[in-house]
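Asker: the sequence and its predicted three-dimensional model are supplied below.
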Amino acid sequence: MSNNNENERTLEEKINYISNESTLINFLSKNQIADVKQIYELQHYQKDDDRRGIIIETQEKNSSGRTKILIDLKIGEPTVNQVYDSLYEIGKDCSIKIIMFTGHGNENDLMIPIADEYAVNSLIDQLQQSNVGILLSSIYEDKMKVEDHHIYDYWKQVNQTGKVDLPTEEEFMMTTFWDVYFDSFSGEFYEPWEAYGSISTDKKDCGFTLFINGIRKGLIELYWDENGVRYEIKQHNYSEECLKRILDIDLPDLQERYGADSVKFENSIGRLPKLYIKYSDIPFSWLYTATPRKITDFAHRIFTDAWDLREKMELEAEKLFEIEPAMV
């Protein structure tokens with residue numbers, strides 16, 4: 001049996017098991033998620049070949065209103081996309097969102113940074129601190145027993161009737177791209193369990209920064225908006241014309257590499273020099289429709305190009321200014 005067929009069978013078995021009323025009520029009560037008195041409605045949905053979910057409308061024992069609960073089950077590792085859908089799409093009206101996974105058995109997770117238990121754990125931890133009613137759970141394959149994966153300290157402090165400090169979709173996607181997809185290529189410096197240290201608007205100003213050894217307070221900044229991906233290479237003092245002298249040598253190569261119309265150098269009197277490079281015309285909104293595999297490949301290309309560009313400029317700086325190579 002193929003991996004896809006096996007996953008479909010396993011997924012259907014598990015979602016049917018979870019949908020059982022007594023199983024649901026026991027799971028929610030046992031893990032102090034909801035004290036359900038009655039289930040009024042249960043709606044199934046399917047998202048991709050490896051994800052299914054249910055939305056339950058319930059009556060809790062000590063509440064006069066109804067509580068909507070989402071359980072999103074995925075074969076394999078949990079993914080950031082499950083969280084996104086629970087916040088902004090199918091689960092946006094649910095006050096409790098449970099992201100559930102089986103832990104292994106999905107080839108589609110291989111080399112995909114957002115399909116990672118640690119990264120999702122970090123994200124959910126941050127959301128709980130923002131008063132979002134969301135949990136991460138696993139369902140083990142051996143005895144088909146639903147167990148809570150981790151009850152966070154912050155879960156006990158979540159007030160489901162209080163104000164939720166939810167990031168915008170753009171803030172969510174920016175943080176996910178730069179701090180997970182992009183940064184995952186940093187090797188041992190990437191720590192997925194701290195990937196979502198914060199979800200803020202800072203990425204609107206600059207997604208990634210590289211300092212350039214040899215250019216006095218010089219740096220490469222990467223931006224991505226609806227106009228595409230661009231570099232801004234800056235020199236932050238007037239002591240020497242470092243950037244200009246490097247570009248006297250490198251500019252033709254950069255124009256050939258990125259296209260003559262994509263490279264622009266500003267060096268006006270009284271202003272610090274700045275080099276603009278257009279890397280790609282792909283708009284930021286492409287992230288909302290692209291597959292995780294395509295986003296991963298794109299992030300890798302940008303990451304590799306940025307570090308290659310930095311190395312190229314540092315090599316010229318070392319030759320021109322007779323400085324020691326940067327320590328890696």
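Answerer: Thanks, I have the structure now.
Asker: alpha carbons only for contacts and neighbour counts from here, please
Answerer: Fine.
Asker: what does the domain assignment say about the protein?
Answerer: For the chain, automatic domain parsing gives the domain ranges 3-165, 206-321.
Asker: of all those domains, which one is nearest residue 179?
Answerer: domain 206-321 (8.7 Å; CA to CA).
Asker: how far off centre is that closest one?
Answerer: With CA atoms, centre = their mean, to the nearest Å as the basis, domain 206-321 stands 23 Å off its chain's centre.
Asker: stretch 34-42 now?
Answerer: In terms of CA atoms, centre = their mean, the centre of stretch 34-42 is found 32 Å from the chain centre.
Asker: what does that stretch contact?
Answerer: Outside stretch 34-42, the residues that touch it by CA atoms under 8 Å, 6 or more residues apart in numbering are 19, 21, 25, 28-29, 54-62.
Asker: give me the buried entries from those residues.
Answerer: 19, 25, 28, 54-60 (16 or more other CA atoms under 10 Å).
Asker: mind checking which of the contacts of stretch 34-42 are in strands?
Answerer: 54-60 (DSSP state E).
Asker: can you redo these as CSV with distance to residue 136 and pLDDT?
Answerer: Converted to CSV, the ones in strands among the contacts of stretch 34-42 look like this (distance: CA to CA, whole Å; pLDDT from 0 to 100):
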residue, distance to residue 136, pLDDT
54, 15, 97
55, 16, 97
56, 17, 96
57, 20, 95
58, 20, 93
59, 22, 89
60, 21, 88
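Asker: coming back round to it: and the domains of the chain, which is most packed in?
Answerer: Across these, averaging neighbours per residue (mean count of other CA atoms under 10 Å) puts domain 3-165 on top, at a mean of 18.
Asker: if we can go back for a sec, quick one: the domains of the chain as TSV, columns for distance to residue 177 too.
Answerer: Listed next are the domains of the chain as TSV, based on distance: least, CA to CA, whole Å:
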stretch	distance to residue 177
domain 3-165	9
domain 206-321	8
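Asker: quick one, which of those domains gets closest to residue 173.
Answerer: domain 206-321 (7.5 Å).
Asker: mean confidence score for that closest one?
Answerer: Taken as a whole, domain 206-321 has a mean pLDDT of 85.
Asker: same question for stretch 75-92.
Answerer: If you average the pLDDT over stretch 75-92, you get 96.
Asker: how long is it from one end to the other?
Answerer: Distance between the boundary residues of stretch 75-92 (CA to CA, to the nearest Å) amounts to 22 Å.
Asker: what's in contact with that stretch?
Answerer: If you take CA under 8 Å, 6+ apart as the criterion, stretch 75-92 is touched by 7, 11, 50-51, 55, 70, 72, 94, 97, 99-106, 109, 114-117, 119-120, 123-124, 169.
Asker: give me the subset of the residues you listed lying in helices.
Answerer: 7, 11, 117, 119-120, 123-124, 169 (DSSP state H).
Asker: most widely separated two among those?
Answerer: Of all pairs in the ones in helices among the contacts of stretch 75-92, the most separated under CA to CA is 7 and 169 at 30.1 Å.
Asker: I'd like the ones in strands among the contacts of stretch 34-42 as JSON lines, with distance to residue 66 appended.
Answerer: Below are the ones in strands among the contacts of stretch 34-42 laid out as JSON lines (distance: CA to CA, whole Å):
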{"residue": "54", "distance to residue 66": "16"}
{"residue": "55", "distance to residue 66": "13"}
{"residue": "56", "distance to residue 66": "10"}
{"residue": "57", "distance to residue 66": "7"}
{"residue": "58", "distance to residue 66": "6"}
{"residue": "59", "distance to residue 66": "5"}
{"residue": "60", "distance to residue 66": "7"}
